[in-house]
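1. The sequence and its predicted three-dimensional model are supplied below.
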Amino acid sequence: MVTMPQTGRSTTARLLAAHMLASVLIQSVWWGVSALMAVLARKRFGAGDWQTVMITAAVPTLLIMSVFWGDLLRRVSMRRYLVVHAICVMAPLTAAAFGREFWHLFICNAIVAVGVAGWSPAAGDIWKQLYHDRIRGRAFALITSAQLIGITVISYVIGRWLDVDQNSFRIYLPAAAVLYGAGILLLRRLVPATGPAAVEGGVPGGDRSLGLRRLVQPVLHLRQVLRADRTFYRYETAFMTYGVGWMICNALLPVLATDRLKMSYTEFAGATQVVYPLCMLVMMLPMGWVMDRLGPTRTSGLAFAWLTLYPLGLWFAPTVTWVGVATAFYGTAMAGVQIGWMLGPVTLAPSREKVSQYVAIHTTLVGLRGIVAQGIGMLLYRLTGSFAWPFAIAAVAFAWASWQMWRLYESMRGGGALQHKSAE
């Protein structure tokens, strides 16, 4: 295992500060822009219900590409990988600023989503390299807290700006691309020159061909890992169940906001993208402490159980304020989910060399559930004309996922499913 450099507190503080700034420039900027994309599509470009689903589903669905990004990371240096990733996000994000109709915005957003799928494999490997298991949860919580503050500010500013000028996206999207690139450049300075294979340039002697066998190889590896590691398989099953609930809520929130409650950009940003990160911020450091002591399965199980209140709150939401209250439940729960989402695969991977592969598999499975669950949520809404059925199903999915995590923990504690070293 690669641990945090042991050269004194000042070095550790500088590392954390630099990593924090890079993360804000990358993650806060991206999520601040992405949060309002569906509302922008409906209010500025006249997107209908199914077009809205296409926008909200693009990022989680195209995370299926993460397994291919993970394969690339095994074959090139981390620094080269980060440059390729940055180009795949920055170019279409800038191009979206010139959009004149919905389909231009959608295509650019989809290409950005393919690039965003490459973030998690790199982030997981970087977390494993820079921080020891004993402090990784708290370091993650601290840096994520800074990201949440950034998301809060950026989302609110963009929301207010759009209310004043609906064409302001022509300015803030290119600006976001520049800031994203600056964050990637800073992050490159923090990571070693070598890639995950510990050899500059990638896996020595690796297959660099581009034939059909080469393209399907990452998918075959995904199946092999899940079959061989039953602990990881069950962890992913629980997250897949949780994801059904999350995707349904994600798909229907813009429709609820614009059709039922007639929110302005500012109201939507305030009730969702300000309340959500602020509540996550309050809970992030406590959940980092919980993660370091309870491990990813119990942390995730607790968070999933609390998350059941979110769709129930949206179901009955009569006002903007009510949506803000429901979002508060969502934000406090998602602090635990966020930590379990990223650090679970990092912890469960049997070696540092396997971390990027495990995180890539984990991220790819998000895309698989996104293909189905968002469409199911919108279909139920369109067939019934009510939010009741989709939100009720979302609540059940969260509760079931919590139960799956606790069953997994009991199995691991008994030694039946544990196949390698774990923090549990």
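-> Nice, thanks for sending it over.
2. Could you report the separation of the closest residue to Phe45 other than its chain neighbours from Ala41?
-> Using C-beta to C-beta, 6 or more residues apart in numbering and skipping residues adjacent in sequence, the residue nearest Phe45 is Phe102, 4.2 Å away. Quick note: C-beta positions are derived from backbone N, CA and C, even for glycine. Distance of Phe102 to Ala41, given as C-beta to C-beta, to the nearest Å: 6 Å.
3. Neighbour count: those two, which is higher?
-> The residue with more neighbours, out of Phe102 and Ala41, is Ala41; 23 against 19, by other C-beta atoms under 10 Å.
4. Can you tell me the element the more buried one falls in?
-> Ala41 belongs to helix 37-43 when assigned by DSSP states H and E.
5. Please export the C-alpha coordinates of the helix or strand that that helix is followed by as CSV.
-> Sequence-wise, the next helix or strand downstream of helix 37-43 (DSSP H and E) is helix 49-61. Taking Å, rounded to 0.1, in the frame of the first residue of the first chain, the C-alpha atoms of helix 49-61 are listed here in CSV:
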residue,chain,number,x,y,z
ASP,A,49,-40.6,15.2,-20.3
TRP,A,50,-38.7,12.5,-22.2
GLN,A,51,-36.1,15.0,-23.4
THR,A,52,-35.6,16.0,-19.8
VAL,A,53,-35.0,12.4,-18.9
MET,A,54,-32.4,12.2,-21.7
ILE,A,55,-30.5,15.1,-20.1
THR,A,56,-30.7,13.8,-16.5
ALA,A,57,-29.9,10.3,-17.6
ALA,A,58,-26.9,11.2,-19.7
VAL,A,59,-24.2,11.5,-17.0
PRO,A,60,-25.2,8.4,-14.9
THR,A,61,-26.0,6.3,-17.9
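6. Stretch 344-352: which residues count as buried?
-> Using 16 or more other C-beta atoms under 10 Å as the test for burial, stretch 344-352 gives Gly344, Pro345, Val346, Thr347, Leu348, Ala349, Pro350.
7. quick one: which of the residues you listed is nearest to Ala146?
-> Val346 (19.3 Å; C-beta to C-beta).
8. thinking again about what came up before, can you tell me which of the buried residues of stretch 344-352 comes closest to Gly301?
-> Taking the buried residues of stretch 344-352 together and measuring to Gly301 by C-beta to C-beta, the closest member is Gly344, at 11.2 Å.
9. show me what contacts that closest one?
-> The contact partners of Gly344, by C-beta atoms under 8 Å, 6 or more residues apart in numbering, come to Tyr235, Phe239, Pro296, Thr297, Ser300, His362.
10. Most neighbours of all those, which one?
-> Busiest of the contacts of Gly344 [other C-beta under 10 Å] is Ser300, holding 31 neighbours.
11. pLDDT (mean, whole number) over stretch 47-66?
-> Stretch 47-66 comes out with an average pLDDT of 80.
12. hang on, the earlier thing: format the contacts of Gly344 as CSV; extra columns: secondary structure.
-> As requested, the contacts of Gly344 are arranged in CSV below (DSSP: H, G, I helix; E, B strand; the rest coil):
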residue, secondary structure
Tyr235, helix
Phe239, helix
Pro296, helix
Thr297, helix
Ser300, helix
His362, helix
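13. and those residues, which two are the farthest apart?
-> Maximum pairwise distance among the contacts of Gly344 (C-beta to C-beta): 13.8 Å, between Thr297 and His362.
14. quick revisit: surely the residue nearest to Phe45 and Gly46 touch.
-> Yes. Using C-beta atoms under 8 Å, Phe102 is in contact with Gly46, at 6.9 Å.
15. related to what we said a few turns ago, now do the shared contacts for Phe102 and Ala41.
-> In terms of C-beta under 8 Å, 6+ apart, Phe102 and Ala41 are both contacted by the residues Ala47, Gln51.
16. which ones are touching the residue nearest to Phe45?
-> Here Phe102 is in contact with Ala41, Phe45, Gly46, Ala47, Gln51 (criterion: C-beta under 8 Å, 6+ apart).
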